[in-house]
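**Q** no sequence on this one, just coordinates:
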């Protein structure tokens, strides 16, 4: 009998503010321990939280980007638990009235579109860091991170495989960077996921779920879910029941293991924080924030498939970051709308591969959109072949020449289009390869390709392959 | 609604408050007294009234996103029981 996997994700996105969510201490990463832990971060007696306006703006942007309802009056609550990296004894979060309510995200897995519903997103503060090693049986506490603003984004249990969960997490990761609310740096913990995983027989009610905490890479997310699903299925098939639990993923062993005793779990005794009044977000404020937002990836995808004739797949890749989308637009602006498909191919093909190999971002590409457009223009007007285009690309990448025309001129790469000149070369090739000619006449199609290859070689790749093909065919059959 | 001794002890443990059996019994009676008050208030018809999260009918004031706090680690750590390499030290925490 088959099992159905049910996955929901809770994602913590660290918001890109200069100061903390409830005080004026810096949020810069990598400072000396506790140098950014002020009286509020330390929870010294008498301190009070004052909400950072920019953190709210980030939440509004996110809500608008996923088509959610922005709560007119949301409420901050205290989530109570004891841990040394949380000096107040509670985390300020939101419970009953979160700032963002609902919304959805469309993902693409193996060419199939799927809409994942979001439950909510709420503002909260991060905790500090505990360091368990090196202090002679003591735990060291660094409170620099305490009070950093987070947006916790909660999905509905709409995903049915690890691949869907990863596609959703990636889409969310792209979106928060696109709208500029999170730097997306997973190594530094700016974007981390918890996965709620359960299994059931199709049609049955949801099974008991276990929550995998703190997954900070897409690879770990996938590995952890796959391991957990197999573990749960084995447990049930061997007649045991799944107990609700929080588990950790160990990247070294690839296994998940139980972390917290369940009796105290989820007993956070939430209540509205008396130190903070309700957060009011007016229609006017929403409109003001909306006016500052860039065109969203989904809208851009539609524009790219409609106006520019890209496939849905191409449009999805080109809009995976704002920088790439802008590079594409800049390239098309010079190369022309008719060449848009070719521009997309070059950007996600040669350019992306080269950037990947050299571990560069598109912003660091040594070849500008205008330079790339220059290559594409010369391919389209048959000055050079696609193959020579790649050589021009390499030359520009390495800084040999200011633009495609200069490189083509300097290297003498202009395509031979003069029929007479090509014919003369073909005649030479035919004379030198009598064996292939006879084989072709005897019905061996492969021999024709060998002759095309020889002719192209003789032109040093500068002839138009189609033209060579046509002329060769004429000479052999005519 | 009323609480029994086990529930009172569980709440005390969650709040990290150590209470003796005698104190637990007193706390249970006092808490149940509060529940009694709440039950009396339940009689009021609150249909159509939005739940109130705060006693003051005002909204949150916001501050601009600016770093206003300078580093005062030395001063703060002077009153901490134990520190090392800039960290506050606490008894080992094991999950």
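**A** Noted; the coordinates are in hand. Values in this document were obtained by computation on a predicted structure and should not be read as measured data.

**Q** Any stretches of chain A with poor pLDDT?
**A** A:1, A:260-266, A:478 (pLDDT under 70).

**Q** Work out the sheet partners of the longest strand along it and label each with its direction, please.
**A** Determined from DSSP state E, the single longest strand within chain A is strand A:112-125. Here strand A:112-125 is paired, per DSSP bridges, with strand A:100-101 (antiparallel), strand A:104-109 (antiparallel), strand A:149-155 (antiparallel).

**Q** Format the ones you listed as CSV; extra columns: mean neighbour count and distance to residue A:430.
**A** (Each C-beta comes from the backbone N, C-alpha and C, glycine too.) Formatted as CSV, those follow (neighbours: other Cβ atoms under 10 Å in any protein chain shown; distance: least, Cβ to Cβ, whole Å):
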stretch, mean neighbour count, distance to residue A:430
strand A:100-101, 23, 72
strand A:104-109, 17, 50
strand A:149-155, 23, 66
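
**Q** Chain B against chain A: which residues are in contact?
**A** B:13-16, B:53-56, B:58-69, B:71-73, B:76-77, B:82, B:84-93, B:95 (Cβ under 8 Å from any Cβ of the partner chain).

**Q** Can you pick out the ones from these that are in helices?
**A** B:13, B:14, B:73, B:76, B:77 (DSSP state H).

**Q** ok, of these, which come out buried?
**A** Neighbour-count burial within these applies to B:73, B:76, B:77; the criterion is 16 or more other Cβ atoms under 10 Å in any protein chain shown.

**Q** top helix in the chain by residue count?
**A** Using chain A here. Max-length helix for chain A by DSSP H is helix A:218-237.

**Q** um, chain B though
**A** helix B:21-42.

**Q** circling back: relative to residue A:57, which of the strands paired with strand A:112-125 is closest?
**A** strand A:149-155 (10.8 Å; Cβ to Cβ).

**Q** picking that back up, just give me the closest of the buried ones among the ones in helices among the residues of chain B next to chain A to chain A.
**A** residue B:73 (5.0 Å; Cβ to the nearest Cβ).

**Q** what is the mean pLDDT for the longest helix of chain B?
**A** For helix B:21-42, mean pLDDT is 94.

**Q** just how off-centre is that helix within its chain?
**A** Centroid separation between helix B:21-42 and its chain, computed with Cα atoms, centre = their mean, to the nearest Å, is 18 Å.

**Q** What distance do you get for the closest residue to residue A:154 other than its chain neighbours to chain B?
**A** Closest residue in space to residue A:154, ignoring its immediate chain neighbours: residue A:119 at 4.4 Å, by Cβ to Cβ, 6 or more residues apart in numbering or on different chains. As judged by Cβ to the nearest Cβ, to the nearest Å, residue A:119 and chain B stand 20 Å apart.

**Q** swap in residue A:31?
**A** Noted for residue A:31: a distance of 9 Å to chain B, by Cβ to the nearest Cβ.

**Q** How about that residue: what's its closest non-neighbour residue?
**A** residue A:144 (5.7 Å).

**Q** now do residue A:160
**A** Closest to residue A:160 by Cβ to Cβ, 6+ apart is residue A:5, at 5.7 Å.

**Q** which helices and strands does the helix or strand containing the one you found pack with?
**A** According to DSSP states H and E, residue A:5 maps onto strand A:4-14. Under the contact criterion of 3 or more Cβ pairs under 8 Å, 6 or more residues apart in numbering or on different chains; DSSP states H and E, strand A:4-14 touches strand A:149-155, helix A:162-178, strand A:191-200, helix A:218-237.

**Q** Could I get the buried residue list for it?
**A** Neighbour-count burial for strand A:4-14, with 16+ other Cβ under 10 Å as criterion, is recorded at A:5, A:6, A:7, A:8, A:9, A:10, A:11, A:12, A:13, A:14.

**Q** report the angle between the axes of the helix-or-strand element of chain B with minimal mean pLDDT and helix B:21-42?
**A** Every helix and strand of chain B was ranked by mean pLDDT, DSSP states H and E. The lowest is helix B:5-14, at a mean of 91. Counting by axes from the mean of the first three to the mean of the last three Cα atoms, to 10 degrees, helix B:5-14 lies at 100 degrees to helix B:21-42.

**Q** buried residues in helix B:5-14?
**A** Under 16+ other Cβ under 10 Å, the buried positions of helix B:5-14 are B:8, B:9, B:11.

**Q** residues contacting the last one?
**A** So that's residue B:11. By Cβ atoms under 8 Å, 6 or more residues apart in numbering or on different chains, residue B:11 lies in contact with residue B:3.

**Q** ok, back up a step: quick check: buried residues in the longest helix of chain A?
**A** A:218, A:220-229, A:231-232, A:236.

**Q** Could you name the helices and strands sitting against the helix or strand just after it?
**A** Later in the chain than helix A:218-237, the nearest helix or strand by DSSP H and E is strand A:245-250. For strand A:245-250, the elements it packs on are strand A:210-215, helix A:218-237, strand A:255-258, judged by 3+ Cβ pairs under 8 Å, 6+ apart.

**Q** The following helix or strand past the shortest one and chain B, are they touching?
**A** If I follow you right, that is strand A:255-258. Using DSSP H and E, the helix or strand that follows strand A:255-258 in sequence is strand A:271-272. Yes. Using Cβ under 8 Å from any Cβ, strand A:271-272 reaches chain B at residue A:272.

**Q** I'd like the distance between the residue nearest to residue A:154 and residue A:13.
**A** 15 Å (Cβ to Cβ, to the nearest Å).

**Q** How about residue A:58?
**A** Taken as Cβ to Cβ, the span from residue A:58 to residue A:13 is 9 Å.

**Q** ditto for residue A:205
**A** Distance of residue A:205 to residue A:13, given as Cβ to Cβ: 31 Å.

**Q** show me the contacts for the residue in the stretch 101-250 of chain A positioned nearest to chain B.
**A** Going by Cβ to the nearest Cβ, chain B is nearest to residue A:140 of the stretch 101-250 of chain A, at 3.5 Å. Residue A:140 makes contact with A:33, A:130, A:131, A:132, A:134, B:84, B:85, B:87, B:88, B:89, according to Cβ under 8 Å, 6+ apart.

**Q** Kindly give a single ChimeraX line that selects the buried subset of these.
**A** In ChimeraX syntax, the buried subset of the contacts of residue A:140 is picked out as below (16+ other Cβ under 10 Å):
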select /A:33,130,131 /B:87,88,89
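
**Q** from the contacts of residue A:140, which is closest to residue A:371?
**A** Set against residue A:371, the nearest of those by Cβ to Cβ is residue A:33 (46.2 Å).

**Q** tell me which element that closest one falls in.
**A** Per DSSP H and E, there is no helix or strand for residue A:33.
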